[in-house]
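here is my input; please provide its structure:
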Amino acid sequence: MFDVRSILRRSAVCLIATLITIAGSGAVSAQEPVKKDDDAQPRLSSDRPRDERLDQTGSVPPPRAIPRLRAEVDQATPFDTAELKQQRQEPPVQLLIAGPDTFGYVSVDSNEPMGPVFNFIDISATGTDAGISGLDVGSGPLAIGFPFNFYGSNFDQVAMASNGYLNFNLAGDLTNFNNDCPVPVGPDPDNSIYVLWDDLDLGNAAGQAGFFQTFSPCPNTEGGTGDCAIFQWENAEHWPTSAQFDFQAILYDNGNILMNFGPGNPEQGSGSTTGIENATATDGLTHVCNSAASVPDNFSVLFLYPGSLAAQNAETEPNATAATADAIAAGQCGVGGISPTGDVDNWVRSGANAGDLVFAYVDTGRSSSGFDSLLSVLENDGVTLIESDDANGPGSSSVVAGAIVPTAGQVFFEVREDGDHNTITPYELFQVIADPADTAAEAEPNDSPVTATPVTATVMTGDVAVTGQFDFYSFSANAGDSITVIMDDDPDDDTDLTDTEIQILAPDGVTVLANGDDNSTSDGNAAGRTIALTDGTYFLSVDNLFNNAPIDSDTDYRFTVLVNCARVCQDDDGDGVCNPADLCNGDDATGDTDGDGVCDDIDPCPVDNPDDTDGDGVCDSVDPCPTDNPDDSDGDGVCDSADACPGADDTLDANGNGTPDCQEPPPAPPPAPQPTPDACGCNGGTGGMMVMPMTLLGMGWLRRKKRRWC
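Down below sits the predicted model:
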């Protein structure tokens, strides 16, 4: 079994291309294509000097090794479980995919099981003449018809060279016939699509020309279903030979590039370059160059634009400490480099809850230097270790799977070269932090792609307890998407490990795009990053390694699938919450906006928590007086709780002292009337003689001086 990562170590990679955006124009429709006439034109004489260049007659230097992904292809009938089991004992046929380059492009040709189907769309009778008839001729700017993204920059024009390439510099080198092998190599032309870069002649005979035409939609859907622009070299010849042939490049509005090669090319790639190169010659991808029989008749090559690019987050140095860590969000990958030796990169993810599960994988497969990474997952303080790993993944890459977040807050990912004695340029950090409720179990039987369990949750669980058992899972991806699987071999944390083997399968259920085969002492495993070659349903196969020995005592596992850096799950209502963890699954696209435990579609106040504080039947968000019931008793526009006079008009001020009448103290009662003294000095009396009864006072009293009593 070939290790995808070990072969990628030969890749030449540099810094990530700088992303810029240049606005482009819209697509235009065109005439229908015409059926191709393959009859060759007769050769006319030419006495062109040879010049210094690579010999095209066979005396060519051997090509340098081209970086390729090696994936395994089973020869079984699709979805044949018995044959899939037998595959483990038989050498697989190799599926060759060139790349990825640093930017992320990969290429695959029509000789491969999942490659494009040859379909030449002839535009010689319908297209516009590009003006490249002749020897070493370049066109002026040609309208593509839509914004075409190439290495992160949008272009709406391109120049066409008679020597078999397209150049986005427009005024750059359009006459270069000494093909580089491989690319990237400076200097010019650079920033180019090398369809069949060679010393070609389009001026030796009638009918030799270049054409271009834009279609909406594209008549060839091998690279996409939207708009496309076709650039065709008609009746080209290798100088100074006379055999004529046609080839073309199709640029799609999704960034993909398809190259079609008709019959009659006598060299068939022995002295030409087919590839792409960025504007600075720091990145590029060679599919084939200077290799005999590498470009046969009726042949196609598809370059896939990296689908994960928008989700990539490039590191910013310095980031050697938690304080300077680069932020990384859900659904993002971190792209960085460990350079110079001893460099340390830190990444931080916010919003983790205590008990969440961490899945992380450092992919070093594209590194041009070292591959042995060390990943440490740290707590909220950026210091305390949760878990670390230096060799669980493919090659010597790192995997931490199913680590439990102990404290709510931030989670840090520290990446370095294990031992600090080498560089890693570049690496890619894949990460998922999952709610443990966002988990779903396999549904047996799922021992073939036909009965595969759909990936419905961020974390899927299963068990391979039966000898010879395979578990299959299914998920969707589009052409150009990156696919990664991170596996936890010890989900119950009992240190009794399941020795899993995992394989990512193409939509045919047979072609193995990537595999992960950890050792029996690793508690994590990973497969990918691999590239989806077509739109469709992909599969994951899980088994207990080879199942030749007695079954392990512990056979459980759990994993997460990432497409373009984002976790895969089933989200029926499209609210961004996977079904298992969705309180309102299928009820409402926004779920429970206010977090009050009532789904929005049945919540009378979906954005309020609490809904109606004062119980007046009006949601707080639209209640002018959310804590008052009644709201405004006196109708003066002031809520009762803030109204100085909630039951009266607080605008009246009779005495003009600035204090509303309703706040003035009540007037004092009038004083009680005071009695007027009489002549006797008695207050309020009339005076008079009081004679006490004689029986009480005695007769002697009468003989005394008479007194007046009030």
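
could you pull out the helices in the chain for me?
In the chain, the helices defined using DSSP state H lie at 4-8, 81-87, 694-697, 700-703.

compare the mean pLDDT across those helices and name the weakest.
Lowest mean pLDDT within these: helix 4-8, at a mean of 36.

once you drop chain neighbours, what's closest to the residue nearest to the spatial centre of the chain?
Among the residues of the chain, A311 comes closest to the average C-alpha position under CA atoms, centre = their mean, at 3.6 Å. For A311, ignoring the flanking residues on the chain, the nearest one in space by CB to CB, 6 or more residues apart in numbering is C565 at 3.8 Å. Heads up, the C-betas are built off the backbone N, CA and C, glycines and all.

neighbours of the one you found, just the number please.
Number of residues near C565 (other CB atoms under 10 Å) recorded here: 29.

residue contacts, it?
The contact partners of C565, taken as CB atoms under 8 Å, 6 or more residues apart in numbering, are S308, A311, Q312, G331, Q332, C333, F430, S482, T484.

tell me the buried residues within those residues.
If you count burial by 16 or more other CB atoms under 10 Å, the buried members of the contacts of C565 come out as S308, A311, Q312, Q332, C333, F430, S482, T484.

contacts only, for the second one.
For A311, the contacting residues are G331, Q332, C333, N564, C565, A566, by CB under 8 Å, 6+ apart.

swap in the first one?
If you count contacts by CB under 8 Å, 6+ apart, S308 has them with G104, C333, D481, S482, R529, N564, C565.

cutoff 6 Å now
S482, N564, C565 (CB atoms under 6 Å, 6 or more residues apart in numbering).

find the nearest non-adjacent residue to the second one, please.
This means N564. The shortest distance from N564 to any non-neighbouring residue, by CB to CB, 6+ apart, is to S308 (4.2 Å).

report pLDDT for that neighbour.
70.

so how far is T458 from the residue nearest to L304 when sequence neighbours are not counted?
Excluding the flanking residues, the one nearest L304 by CB to CB, 6+ apart is G480, at 4.1 Å. Using CB to CB, to the nearest Å, G480 is found at 23 Å from T458.

next one: A532
Counting by CB to CB, the gap from A532 to T458 is 20 Å.

same thing with G164?
From G164 to T458 the distance is 47 Å (CB to CB).

for S522, same thing?
Distance, S522 to T458, by CB to CB: 22 Å.

so between those two, which is more surrounded?
Higher neighbour count among S522 and T458: T458, with 26 against 19, using other CB under 10 Å.

ok, that one touching R567?
Yes. T458 lies in contact with R567 (CB atoms under 6 Å); the separation is 4.6 Å.

please enumerate the shared neighbours of these two.
By CB under 6 Å, 6+ apart, T458 and R567 have these common neighbours: T560.

rewinding a little: closest one of the contacts of A311 to Q248?
When the contacts of A311 are compared for distance to Q248 (CB to CB), N564 wins out at 29.4 Å.

how far away is the closest one from D508?
To D508, N564 is 22 Å away according to CB to CB.

which of the two has more neighbours?
N564 (23 against 17).

from what I can see the more buried one touches G480, true?
No. N564 sits out of contact with G480 when judged by CB under 6 Å, with a separation of 9.0 Å.

quick one: common contacting residues for these two?
Common neighbours of N564 and G480, using CB under 6 Å, 6+ apart, are G307.

give me the number of residues near D571?
Neighbours of D571 using other CB under 10 Å come to 17.

need the contact list for it.
So D571 contacts C578 (CB under 6 Å, 6+ apart).

okay, it: pLDDT?
85.

make 617 the starting number, not 1.
With the count now opening at 617, the last piece we talked about shows up as D1187.

tally of neighbours for N1271?
Using other CB under 10 Å, the number of residues around N1271 comes to 8.

spatially nearest residue to it, not counting backbone neighbours?
E1280 (7.3 Å).

quickly note the distance from that neighbour to A1264.
Separation of E1280 from A1264 (CB to CB): 11 Å.

comparing these two, which residue is more hemmed in?
A direct count of neighbours by other CB under 10 Å for E1280 and A1264 places A1264 higher, at 16 against 13.

surely that one meets C1278?
Yes. Counting by CB under 6 Å, A1264 touches C1278, with 4.3 Å between them.

run a quick neighbour tally on D1256.
Neighbour tally, D1256, other CB under 10 Å: 18.

can you check I954 too?
Look at I954: counted by other CB under 10 Å, it has 26 neighbours.

quick check: bridge partners of it?
Under DSSP bridges, the beta-bridge partners of I954 are I1040.

for it, give its distance to D961.
Distance, I954 to D961, using CB to CB: 7 Å.

try N794
For N794, the distance to D961 - CB to CB - is 40 Å.

compare these two (neighbour count), which wins?
D961 (26 against 13).

buried residues, stretch 1189-1200. List them.
Residues of stretch 1189-1200 classed as buried under the neighbour-count rule (16+ other CB under 10 Å) are D1189, D1191, V1193, C1194, N1195, P1196, A1197, D1198, C1200.

quick check: the gap between the fourth one and A1182.
When distance is defined by CB to CB, C1194 is 11 Å away from A1182.

which residue ranges make up the domains of the protein?
Annotated domains of the chain cover 636-651+683-689+707-920, 926-1050, 1055-1183, 1213-1254 [automatic domain parsing].
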